[in-house]
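Engineer: only geometry, no sequence info:
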């Protein structure tokens, strides 16, 4: 193994595959390479640069990443992470492979790995700035650049647990990469989430009242729910936390580059999310088989 190859990536050499030809990837000369000659650099920060060509999403910029790291470290979303880790522990009681698809800074993946001491974790995201934080989020966390809307650079039925936390979804690919016994955990906001902030800043991304129905429609061909936790509470915020929350939250327009007037920021917000674990639907069960 090359001396500078990130140790956290080593366990994923049996999972990662070439995004171009789907062949197995191997380390060599500061890159991941396949037998057909396709090569993907290992960034000096430690993540694998698998994403090539135009991106469907741009990912978090530097200001969003810094704001997200400060806000999440302050603990206002800790009950959300606790719900995620509870579902993850129920789904994967022993060793296994976890992937956080749309991992951001790796905050939620790190929480799951803390709860699952025998698991290994891989984060995928389009934002290289976020991935620089994700590779440092946990000793057992590896990371690679990828766009969730494309076929994942992962082998079929190679994962035990897929995390999707406040991120875009690709249900057919989630299903393809999960083992038959695996689980998908989806965390998404309800229409009450951050209501105080959204009322004051209409440019913030609205939450579609039909979001749950659209999620159900998208997942039903591939998954069925097994357990749902509702997390709802209000949390006080300092002016800095309010500013960070505004900066890190997706908006229809970029967040202001300079701090917002503290008087316009709420000192308390509602956090309201649903966390659901899903099992894969195995289409072969619709007919007689012995698998």
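Structural biologist: All right, it came through fine. Computed from a predicted structure; not experimentally measured. Numbers count the residues shown, from 1 in each chain.

Engineer: could you use CA atoms for every contact and neighbour count after this?
Structural biologist: Fine.

Engineer: all helices of the stretch 1-150 of the chain, in order?
Structural biologist: Using DSSP state H, counting those that start in this stretch, the helices assigned to the stretch 1-150 of the chain run over residues 62-74, 78-91, 107-115, 128-134.

Engineer: which of those is buried the deepest?
Structural biologist: Compared across the helices of the stretch 1-150 of the chain, helix 128-134 shows the largest average neighbour count, a mean of 25 (mean count of other Cα atoms under 10 Å).

Engineer: now it, how far from the chain's geometric center?
Structural biologist: 12 Å (Cα atoms, centre = their mean, to the nearest Å).

Engineer: could I get the helices of the stretch 1-150 of the chain as JSON lines with distance to residue 149 and mean pLDDT?
Structural biologist: Listed next are those as JSON lines, based on distance: least, Cα to Cα, whole Å; pLDDT from 0 to 100:
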{"stretch": "helix 62-74", "distance to residue 149": "21", "mean pLDDT": "94"}
{"stretch": "helix 78-91", "distance to residue 149": "23", "mean pLDDT": "98"}
{"stretch": "helix 107-115", "distance to residue 149": "20", "mean pLDDT": "98"}
{"stretch": "helix 128-134", "distance to residue 149": "17", "mean pLDDT": "94"}
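
Engineer: turn those helices into CSV, columns for distance to residue 23.
Structural biologist: Conversion of the helices of the stretch 1-150 of the chain to CSV gives the following (distance: least, Cα to Cα, whole Å):
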stretch, distance to residue 23
helix 62-74, 33
helix 78-91, 29
helix 107-115, 27
helix 128-134, 24
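
Engineer: between the ones you listed, which one is nearest to residue 273?
Structural biologist: Residue 273 lies closest to helix 78-91 among the helices of the stretch 1-150 of the chain, at 7.6 Å (Cα to Cα).

Engineer: what angle separates that closest one from helix 107-115?
Structural biologist: 50 degrees (axes from the mean of the first three to the mean of the last three Cα atoms, to 10 degrees).
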